[in-house]
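K.L.:
one predicted model, sequence on top.
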Amino acid sequence: MNILRRHRGFTTNSSSASEWIDPERPPASIPLDQFDADGNRIVPTPTPESGSGDGGPATISLEGFEFNPFATPSPKPSPKPEATATPAPAKEELPSVASENTAMVLGFLGTILGVFALERMLRLWWRKRKEQED
Amino acid sequence: MPGRPDPLQELPLVMRKEPFGGIVFDPFDGTMLELDPEAYGVARKTLKGRGLFFSREKREMMRELKRELHLHRLRAVREVKVQGAQDWQSKIPVPSLSAPTLVDFQITDNCLMGCPHCYASSIPKGQHVPWEMVQRVVEQLADCGVCQLAIGGGEPLLHPQIGDLLKLCQDKGIVPNLTTGGMELRPDNLTLLKKYCGAIGISMEGVGERYSEVRKYPFRKFEEALDKLRDAGVPTVIQMTLSRANFDHLPEMAEFCLSRPELYGAIFLAYKPVGRGETYSQALSTLDAKVVSKGLSHAFNLLSPHMRVGYDCCMTPGVAGVEDALKFADESNLEGCSALRGSVGISTRLDVIPCTFTWRHRIGNLKTEHLRDVWRNANAERFRQRIEIKSQNNRACTGCLKKAHCHGGCPVMPLINCHRDHIGDPEQKWSF
């Protein structure tokens, strides 16, 4: 299961394609030391505010992409008013990795408990039936 | 790093199934991912908000996708099914997609600049592509799931329907990019560029007097054009066309780019002796590979900590020689000729050509044919075969580990030398 190739950036030249070396978007297989103390990777991309052409560097903390499964996602920056001028499709939050892990653990525990409960009920039902027969 | 246009955040992500798996394109910053079948399956589920995976490997892939694409929230997805794509696969072993993802469209032959090296031989009395034809082309691009349209000319801003074209592209979910000489940057045009375009390319062959000599246009005006683009917040790329005539000036061009921190990026292009440029200068292949490698390496390393640096895929053999010195983020930054593998050119006559520099290799015409059929026709296959033969027959490519990515350079004309060109016959630099 692999990403075979990555291309980044808009291609403006009139030849066929150009390959971008984007210093601020390294590949996903980056070492863990490129993440901050909270386990969040800081990828410089424009915030909605800086997209208005101020030309300055901007960063968005990609919280919710963290490696720490118990980190709590922080609220995302709200979009610019201009950006919402055209009706955008309704957005909903993606399940974060943390909530996904929690869901998995809860699901697993639920299944175990469910099996035990079912086994207990079957035993009771069997015993009752036996008693009736006797 | 300069910002990207906000409207592009609202464009849907594009997904397209391919014989090797599939592709995902993020219009926000032009990120294109090629995925194997399993990863494509994970991408489909993740992008549809059903990314709950029990396999560790799949969860890791989901995280990776979230990092690569801008998935702060669920975004609309446009899954393109190219008609007949499942039944077609190129018979040529060189890797190619089922339809292009990038198209270069020359919408006009009209340009007031009259540069002596213009590959398109554009003139002030040049013709514009009629609007009906432009619409027809864009419709076909949308059918094929094209992600980016590189609009060129001539001077595309002189086309009377340029605004309509940019809007049409956005309506179809295609990111338009545009190359301009910078003369026509009026406030109304700047608003359009800011609103619709991924990035704008503006060409430069030298700094100061050197630029003015070549273009017969004051360098001060070029700087003013950059200022206008900056003030309007348009992501701008400087395209440096490198030939024998200006290669010595590469360091000062790189320094100039550094002095413009607002730039979205810098691209190095190999000079092509076609059009009016046929007699203007000579390609980089007339220079020693070591000289070119050293110059490129210096310029890349100077610029890359500060801005995105790109290169025209025709330059790949030259870049492959200094790949290690360039400290690429990953090996997928090296890719050879993409003509008819992932991209295609369309001329003002709607001729389909492998790229805009190979106008003699017409493979079809969109007035009478559909792009998806032209992409799969025998002429296209013959050109792919040229790419394959180029790397198979080039003695310099024998035993080269980068051959699979580089493909040995331009299959039509020698544009740049490779550091391995001394292998084989020293008297004949290009053995193809």
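P.N.:
That came in fine, so what should we check first?
K.L.:
assign residue A:121 to helix, strand or coil.
P.N.:
Three-state call for residue A:121 (DSSP: H, G, I helix; E, B strand; the rest coil): helix.
K.L.:
any idea how far it is from residue B:111?
P.N.:
83 Å (Cβ to Cβ, to the nearest Å). (C-beta placed from N, C-alpha, C; glycine too.)
K.L.:
give the contact list for residue B:290.
P.N.:
Residue B:290 makes contacts with residue B:419, as judged by Cβ atoms under 8 Å, 6 or more residues apart in numbering or on different chains.
K.L.:
and what of the one 4 residues further on?
P.N.:
Listed by Cβ under 8 Å, 6+ apart, the contact partners of residue B:294 are residue B:322.
K.L.:
what pLDDT does the model give it?
P.N.:
Here, the pLDDT recorded for residue B:294 equals 87.
K.L.:
could you verify that it is part of a strand?
P.N.:
No. Under three-state DSSP, residue B:294 falls outside any strand and is assigned helix.
K.L.:
what's stretch B:405-412 in contact with?
P.N.:
By Cβ under 8 Å, 6+ apart, the residues outside stretch B:405-412 that reach it are B:94, B:270, B:314, B:316-317, B:320, B:331-332, B:334-337, B:339, B:354, B:357-358, B:361, B:383, B:386-391, B:394, B:396-397, B:400, B:415-416, B:418, B:432.
K.L.:
what does stretch B:200-207 give?
P.N.:
With Cβ under 8 Å, 6+ apart, stretch B:200-207 has contacts from A:12-13, B:117, B:177-182, B:193, B:211, B:213-215, B:219, B:222, B:225-226, B:229, B:234-241, B:243, B:246, B:249, B:252-253, B:255-256, B:267.
K.L.:
can I have the buried ones of those as a ChimeraX selection?
P.N.:
Buried members of those, defined by 16 or more other Cβ atoms under 10 Å in any protein chain shown, are picked up in ChimeraX with:
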select /A:12,13 /B:117,177,178,179,180,181,182,193,211,214,215,219,222,225,226,229,234,235,236,237,238,239,240,241,243,246,249,253,256,267
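K.L.:
among the contacts of stretch B:200-207, which are in helices?
P.N.:
Among the contacts of stretch B:200-207, DSSP state H puts B:193, B:211, B:213-215, B:219, B:222, B:225-226, B:229, B:252-253, B:255-256 in helices.
K.L.:
name the element the closest residue to residue B:371 other than its chain neighbours belongs to?
P.N.:
In this structure, residue B:371 finds its nearest non-sequential neighbour in residue B:140, 4.4 Å apart by Cβ to Cβ, 6 or more residues apart in numbering or on different chains. According to DSSP states H and E, residue B:140 maps onto helix B:131-144.
K.L.:
list the buried residues for that helix?
P.N.:
Of all the residues in helix B:131-144, those buried under the rule 16+ other Cβ under 10 Å are B:133-134, B:136-138, B:140-144.
K.L.:
which strand or helix spans the closest residue to residue B:279 other than its chain neighbours?
P.N.:
Closest residue in space to residue B:279, ignoring its immediate chain neighbours: residue B:273 at 7.9 Å, by Cβ to Cβ, 6+ apart. Following DSSP H and E, one finds residue B:273 outside all helices and strands.
K.L.:
quick check: residue B:273 touching residue B:282?
P.N.:
Yes. Between residue B:273 and residue B:282 there is a contact at 6.8 Å, judged by Cβ atoms under 8 Å.
K.L.:
so what's the residue lying farthest from the centre of chain B up against?
P.N.:
Distance from the C-alpha centroid of chain B peaks at residue B:54, with 38.8 Å (Cα atoms, centre = their mean). Residue B:54 makes contact with residue A:104, according to Cβ under 8 Å, 6+ apart.
K.L.:
from residue B:135, how far out is it?
P.N.:
Residue B:54 is 48 Å from residue B:135, by Cβ to Cβ.
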